[in-house]
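Enquirer: Fold the following, please.
(one chain, ligands or ions: 3)
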Amino acid sequence: MDNAIGLEIIEVVEQAAIASARWMGKGEKNTADQVAVEAMRQRMNKIHMRGKIVIGEGERDEAPMLYIGEEVGICTQPDAKNFCDPEQLVEIDIAVDPCEGTNLVAYGQNGSMAVLAISEKGGLFAAPDFYMKKLAAPAVAKNHVDIRKSATENLKILSDCMDRSIDELVVVVMDRPRHKELIKEIRAAGARVRLISDGDVSAAICCAFSGTNIHALMGIGAAPEGVISAAAMRALGGHFQGQLIYDPEVVKTGLIGESKESNLERLASMGITDPDKVYNAEELASGETVLFAACGITPGPLMNGVRFFHGGARTESLVISSQSKTARFVDTVHMFEAPKTIQVR
Ligand SMILES: O=C(COP(=O)(O)O)[C@@H](O)[C@H](O)[C@H](O)[C@H](O)COP(=O)(O)O
Ligand SMILES: [Mn+2]
Ligand SMILES: [Mn+2]
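Expert: Ligands and ions are numbered 1, 2, ... in the order given. Model (predicted):
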């Protein structure tokens, strides 16, 4: 894959984050999402690439833009043949979440970001809009912790791998009724729980960075977000496992299909023959190269949120490339018009 795409996609997530941040705290989650989608799509369609959305706004929101199967990149534009020969370009698959944590943006809370992952065609698991049980942990615990083990066992393993006691571990769990027992178990094992209302992509990735004070993500979130998290964790060498959840009884909320049986049929029709399979990061993001980019909308442990000033804005992004083996933190000043001043910090 062309390494230059890694630089271009910074602007894609930046533009989505800036658009969404204008709706921060306004209580309108759909608008905060929609403007991020539009901005992401607009910038993406200027890139010299031949991309297809494999995870997008599609199923859950029935959105007209960045839907699953949509082709993106300059070669998809009506006048493309004047400046682009699609045959010369490698086909790439793209997973997007232009506003990850729409509620967080709408209510002015921390942890939202514009995010995407890219790989060669077929390199990202085209996850259905199902739930996914997830386990994320630092690189030192990779392949030692296991989603098939209990939280208690995994915390013991994690404490050994990280050479610290269990009460020095912090586990992020989404604050949902389905996690009542899990939270009880983690606390009984001695670890501390950080409950989040939304935004489990940020929590998963934080596990790969020391200094975030987040050592594991446990519990059930959305499957598409699981693939995006896996792409980052694969490139960072962190631990990530995901298992699709198809039984509505387990999740206790209504996003997933009507019944366990219909969900199983749907998975079979997608060619998923083992619905209970545990996927690791390398299977969810299996391409030869994987790129991940995120830009903070509201502040988070890894990136600050968008800050507007007269005539411009400042953003913080993270771009991870398995090809160049880099995790780049990018601090950008955007000048919309001649700004009166550019703030250093
Ligand atoms: O919090 C989330 C919402 O994402 P978005 O819709 O893009 O703002 C995600 O991080 C979660 O992974 C996930 O979508 C969530 O757990 C599923 O929703 P819920 O039924 O409320 O748990
Ligand atoms: Mn999301
Ligand atoms: Mn979203």
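
Enquirer: Pull up the distance across stretch 10-29, start to finish.
Expert: 23 Å (C-alpha to C-alpha, to the nearest Å).

Enquirer: swap in stretch 132-152?
Expert: Stretch 132-152: ends 20 Å apart by C-alpha to C-alpha.

Enquirer: Stretch 76-88 too?
Expert: Taking C-alpha to C-alpha, stretch 76-88 runs 14 Å from one end to the other.

Enquirer: Mind listing what's buried along it?
Expert: Buried residues in stretch 76-88, defined by neighbour count with 16 or more other C-beta atoms under 10 Å: 76, 84. Any C-beta I mention is one placed from the backbone N, CA and C, and that applies to glycine too.

Enquirer: Now that stretch: average pLDDT?
Expert: Averaging pLDDT along stretch 76-88 gives 79.

Enquirer: Give me the residues contacting it.
Expert: Here stretch 76-88 makes contact (C-beta atoms under 8 Å, 6 or more residues apart in numbering) with 45, 48, 50, 74, 75.

Enquirer: farthest-separated two in those?
Expert: 45 and 50 (11.7 Å; C-beta to C-beta).

Enquirer: Any idea how many residues pack against residue 69?
Expert: 10 (other C-beta atoms under 10 Å).

Enquirer: what does residue 211 give?
Expert: Other residues close to residue 211 by other C-beta under 10 Å number 8.

Enquirer: all helices for this structure, in order.
Expert: Here the chain has its helices, by DSSP state H, at 5-21, 29-44, 58-61, 102-106, 151-162, 180-189, 200-206, 223-236, 248-251, 260-269, 281-284.

Enquirer: any idea how far residue 340 lies from ligand 3?
Expert: 34 Å (C-beta to the ion, to the nearest Å).

Enquirer: what does the chain have sitting close to ligand 3?
Expert: 97, 99 (C-beta under 5 Å from the ion).

Enquirer: Near ligand 2, which residues of the chain? Just list them.
Expert: Checking the chain against ligand 2 by C-beta under 5 Å from the ion, the hits are 97, 100, 225.

Enquirer: still on that earlier bit, need the contacts of stretch 76-88 in TSV (columns: neighbour count).
Expert: Shown next, in TSV, are the contacts of stretch 76-88 (neighbours: other C-beta atoms under 10 Å):
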residue	neighbour count
45	17
48	15
50	21
74	19
75	21
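
Enquirer: Pick the one among these closest to ligand 3.
Expert: residue 45 (19.3 Å; C-beta to the ion).

Enquirer: mind showing which ranges of the stretch 201-345 of the chain have poor pLDDT?
Expert: 253-257, 345 (pLDDT under 70).

Enquirer: can you pull out the strands in it?
Expert: For the stretch 201-345 of the chain, strands defined by DSSP state E, counting those that start in this stretch occupy the ranges 216-222, 239-245, 278-280, 290-296, 307-309, 312-321, 326-335.

Enquirer: that older thread, with mean neighbour count added, can I get the helices of the chain in JSON lines?
Expert: Putting those into JSON lines (neighbours: other C-beta under 10 Å) gives the following:
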{"stretch": "helix 5-21", "mean neighbour count": "25"}
{"stretch": "helix 29-44", "mean neighbour count": "22"}
{"stretch": "helix 58-61", "mean neighbour count": "15"}
{"stretch": "helix 102-106", "mean neighbour count": "25"}
{"stretch": "helix 151-162", "mean neighbour count": "19"}
{"stretch": "helix 180-189", "mean neighbour count": "15"}
{"stretch": "helix 200-206", "mean neighbour count": "29"}
{"stretch": "helix 223-236", "mean neighbour count": "28"}
{"stretch": "helix 248-251", "mean neighbour count": "15"}
{"stretch": "helix 260-269", "mean neighbour count": "14"}
{"stretch": "helix 281-284", "mean neighbour count": "20"}
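
Enquirer: Export these to CSV and append columns for distance to ligand 1.
Expert: As requested, those are exported to CSV (distance: least, C-beta to the nearest ligand atom, whole Å):
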stretch, distance to ligand 1
helix 5-21, 10
helix 29-44, 7
helix 58-61, 7
helix 102-106, 4
helix 151-162, 18
helix 180-189, 13
helix 200-206, 4
helix 223-236, 4
helix 248-251, 7
helix 260-269, 15
helix 281-284, 14
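
Enquirer: Quick check: which of the strands of the stretch 201-345 of the chain is nearest to residue 26?
Expert: The nearest among those, by C-beta to C-beta, is strand 307-309 at 13.9 Å.
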